[in-house]
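**Q** attaching a predicted model along with its sequence, questions to come.
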Amino acid sequence: MEIHNFTPWSALIGGMLIGLSTVLLFAVNGRLAGISSIVRGVVAPQRPGDLDWRILFLTGLVFGAFLYRLLNGMNSSITLEASLLTVGIGGILTGVGTAVGNGCTSGHGICGLARKSTRSLMATITFMVIGGITVFFLRHVIGA
Amino acid sequence: MKRSVLVAFSGLLFGFGLCVSQMVNPEKVLGFLDLFGSWDPSLAFVMIGGLGVTAFGLARISTWQKPLLAADFSLPPRSGIDAPLIAGAAIFGAGWGLVGFCPGPAIASLAYGLEKSWVFLGAMFVGMMAVRLIPGTRSL
């Protein structure tokens, strides 16, 4: 194993901003910032009056990313190498998996672990291990 | 009004944080999941930062009677570990490893103007709807 592209400080600061966001949303609105759960409430609204804050939060999320790009003179970019078909399959798996497992990286990995939930710990270990195995297969078995 | 502004601002912080940490970049995420290639441990530091601040904040707020601008707190029930939890997390993990996107970064990535972000999100919506509409899939 070699270590590459390691950016500990920006990762730590970015993570803390995500934490601040989660704490602020909880303090103001009493809801946890698990993104897949917020999205699921938009895809299939559960009860009246529960939609507006979700739309506001998700809109803010896109604007936050856009603000970051603006402040960097639009120079920052991201790389998505997966083919269109793979992206579609990955999206479906993500939608099904987060709905069945009730959470994603933020819901289980941040909010759940912060609440010392053993459920979220098991979920986080599971999606990390399966994610690692998937990348191993793609990059070192099929792509080798 | 005040609540709406603060909720939108917390979303903005989240999206900004995803970019600062580069978690919005699938290449960075896959570099973290690729333990046997050239490993990039950065995302562990995103977790540490996010988890530290969240654990500290939620513990303080949990002593409050109610949130600042809403009627009550809404927390998921503390149920046990069951098959849907593990199956769902495993299915999500496969999707995460295939593409390098999880839901938050996929939405934030719309700010980068990639067509594939829309494809991913459209497919994610279909997946969520499928679980809602097809009987029995909730408890896969």
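**A** On my side now, so go ahead.
**Q** residue B:3: which element?
**A** helix B:2-20 (DSSP states H and E).
**Q** same deal with residue A:77?
**A** Judged by DSSP H and E, residue A:77 forms part of no helix or strand.
**Q** what sits closest to it if chain neighbours are left out?
**A** Spatial nearest neighbour of residue A:77, excluding adjacent residues (CB to CB, 6 or more residues apart in numbering or on different chains): residue B:112 at 6.8 Å. No exception for glycine: its C-beta is placed from N, CA and C like everyone else's.
**Q** same question, residue B:96
**A** residue A:131 (4.5 Å).
**Q** just the strands in the chain please.
**A** The chain I'm using is chain A. Taking DSSP state E as the test, the strands found in chain A are A:2-3.
**Q** switch to chain B, please.
**A** For chain B, the strands defined by DSSP E cover B:38-39.
**Q** need the contact partners of the lowest-mean-pLDDT helix or strand in chain B.
**A** Confidence across the helices and strands of chain B bottoms out at strand B:38-39, with a mean of 90, counting by mean pLDDT, DSSP states H and E. Here strand B:38-39 makes contact (CB atoms under 8 Å, 6 or more residues apart in numbering or on different chains) with A:1, A:2, A:3, A:4, A:5, B:31, B:32.
**Q** elements contacting the top helix by length along chain A?
**A** Taking DSSP state H as the criterion, chain A has its longest helix at helix A:8-29. In this structure, helix A:8-29 makes packing contacts with helix B:2-20, helix B:42-61, judged by 3 or more CB pairs under 8 Å, 6 or more residues apart in numbering or on different chains; DSSP states H and E.
**Q** turn those into JSON lines, columns for mean pLDDT.
**A** Converted to JSON lines, the helices and strands packed on helix A:8-29 look like this (pLDDT from 0 to 100):
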{"stretch": "helix B:2-20", "mean pLDDT": "97"}
{"stretch": "helix B:42-61", "mean pLDDT": "97"}
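**Q** sketch out the low-pLDDT regions of chain B for me.
**A** Scanning chain B with the threshold set as pLDDT under 70 gives B:137-140.
**Q** residue nearest the centroid of it?
**A** Of all residues in chain B, the one closest to the mean position by CA atoms, centre = their mean is residue B:104, 4.7 Å from it.
**Q** any idea how far residue B:69 is from the closest residue to it other than its chain neighbours?
**A** Excluding its sequence neighbours, the residue lying closest to residue B:104 (CB to CB, 6+ apart) is residue A:35, at 4.0 Å. Separation of residue A:35 from residue B:69 (CB to CB, to the nearest Å): 21 Å.
**Q** mind checking which of these two has more residues around it?
**A** Just comparing residue A:35 and residue B:69: by other CB atoms under 10 Å in any protein chain shown the higher neighbour count belongs to residue A:35, 28 against 15.
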